[in-house]
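K.L.:
Based on what follows, work out the 3D shape:
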Amino acid sequence: VFMWKPQNTPNANGAGIIAVTSINSPSFPGSVAVASPISPDRAKRVTMRNFSPWAGLALGVALADQISKRWIMDWMGSDPIRRINAYFDLVLAYNQGAAFSFLANANGWQRYFFSFIALAALLFMGILVYRHAENRRFCLGLSLIMGGALGNLIDRVLVGTVTDFIQWHVGSYYWPAFNLADSAITIGVAILLWDGLKTSK
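P.N.:
Modelled structure (predicted):
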């Protein structure tokens with residue numbers, strides 16, 4: 001607020017000086033800009049837009065896994081093993097169990113057991129990705145795991161066994177055969193571990 005104040009000095013010649021003072025102005029409705037909250041519908045659209053790429057990645061991994069399995073089965077035909085080099089073979093193996101052929105020799109109930117676990121895991125991981133879609137590293141790891149789990153789940157539902165075709169070996173030591181879905185799950189777990197080391201959440 002500018003106020004006119006006469007100056008009492010002799011040589012002021014009736015002049016005055018301007019003094020600057022400040023006062024607290026009262027608050028009036030609308031005098032302060034307040035950001036309006038995002039509507040629930042818009043928030044859902046934003047969340048879904050962030051979630052869609054991760055869901056697409058998971059579906060892409062599952063699709064690539066299924067295509068590779070069908071191609072291997074058609075290409076190898078009746079030949080179950082093809083030597084690529086001294087450390088790598090292409091094989092045609094069918095696993096009724098889980099990783100490392102766990103419960104592969106059960107009486108058939110393991111098909112439904114592992115299918116139920118895969119469905120529950122996919123639902124749980126999907127919720128996590130939906131809620132944390134902005135966390136790229138976390139969602140990348142989960143999306144790869146989801147894609148791998150979905151790829152193997154399709155095998156269990158359609159044919160009752162999981163098709164494996166990749167096998168590494170050194171001399172007489174052979175790593176159990178696996179597929180692209182297993183590789184995606186392994187990479188996804190590694191990314192989650194890396195994410196856990198990088199964040200305190």
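
K.L.:
Tell me the spatial nearest neighbour of Phe165, not counting adjacent residues.
P.N.:
Ile72 (4.4 Å; C-beta to C-beta, 6 or more residues apart in numbering). Glycine gets a C-beta too; all of them are placed from N, C-alpha and C.

K.L.:
any low-confidence regions in this protein?
P.N.:
Counting by pLDDT under 70, the chain contains low-confidence residues at 1-40, 42-44, 46, 97-111, 200-201.

K.L.:
Could the C-alpha coordinates of stretch 177-192 be exported in PDB?
P.N.:
Extracted in PDB, the C-alpha atoms of stretch 177-192 (Å, rounded to 0.1, in the frame of the first residue of the first chain):
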ATOM      1  CA  ALA A 177      15.500 -78.400 -21.000                       C
ATOM      2  CA  PHE A 178      13.500 -75.200 -20.900                       C
ATOM      3  CA  ASN A 179      11.700 -72.800 -23.300                       C
ATOM      4  CA  LEU A 180      11.200 -69.100 -24.000                       C
ATOM      5  CA  ALA A 181       8.600 -68.800 -21.300                       C
ATOM      6  CA  ASP A 182      11.000 -70.100 -18.700                       C
ATOM      7  CA  SER A 183      13.700 -67.700 -20.000                       C
ATOM      8  CA  ALA A 184      11.300 -64.800 -19.600                       C
ATOM      9  CA  ILE A 185      10.400 -65.800 -16.100                       C
ATOM     10  CA  THR A 186      14.100 -66.100 -15.200                       C
ATOM     11  CA  ILE A 187      14.900 -62.600 -16.600                       C
ATOM     12  CA  GLY A 188      11.800 -61.100 -14.900                       C
ATOM     13  CA  VAL A 189      12.900 -62.500 -11.500                       C
ATOM     14  CA  ALA A 190      16.400 -61.000 -12.100                       C
ATOM     15  CA  ILE A 191      14.900 -57.600 -12.900                       C
ATOM     16  CA  LEU A 192      12.800 -57.700  -9.700                       C
END
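
K.L.:
list the buried ones in that stretch?
P.N.:
Using 16 or more other C-beta atoms under 10 Å as the test for burial, stretch 177-192 gives Ala177, Phe178, Asn179, Leu180, Ala181, Asp182, Ala184, Ile185, Ile187, Gly188, Ile191, Leu192.

K.L.:
want to throw those into CSV with secondary structure?
P.N.:
Below are the buried residues of stretch 177-192 laid out as CSV (DSSP: H, G, I helix; E, B strand; the rest coil):
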residue, secondary structure
Ala177, coil
Phe178, strand
Asn179, coil
Leu180, helix
Ala181, helix
Asp182, helix
Ala184, helix
Ile185, helix
Ile187, helix
Gly188, helix
Ile191, helix
Leu192, helix
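
K.L.:
Which one of these is nearest to Ala120?
P.N.:
Ile185 (15.5 Å; C-beta to C-beta).

K.L.:
and the biggest helix by length in the chain, what does it pack onto?
P.N.:
In the chain, taking DSSP state H as the definition, the longest helix is helix 40-76. In terms of contacts (3 or more C-beta pairs under 8 Å, 6 or more residues apart in numbering; DSSP states H and E), helix 40-76 is packed against strand 88-95, helix 109-131, helix 136-158, strand 162-170, helix 180-198.

K.L.:
Great, nothing more from me.
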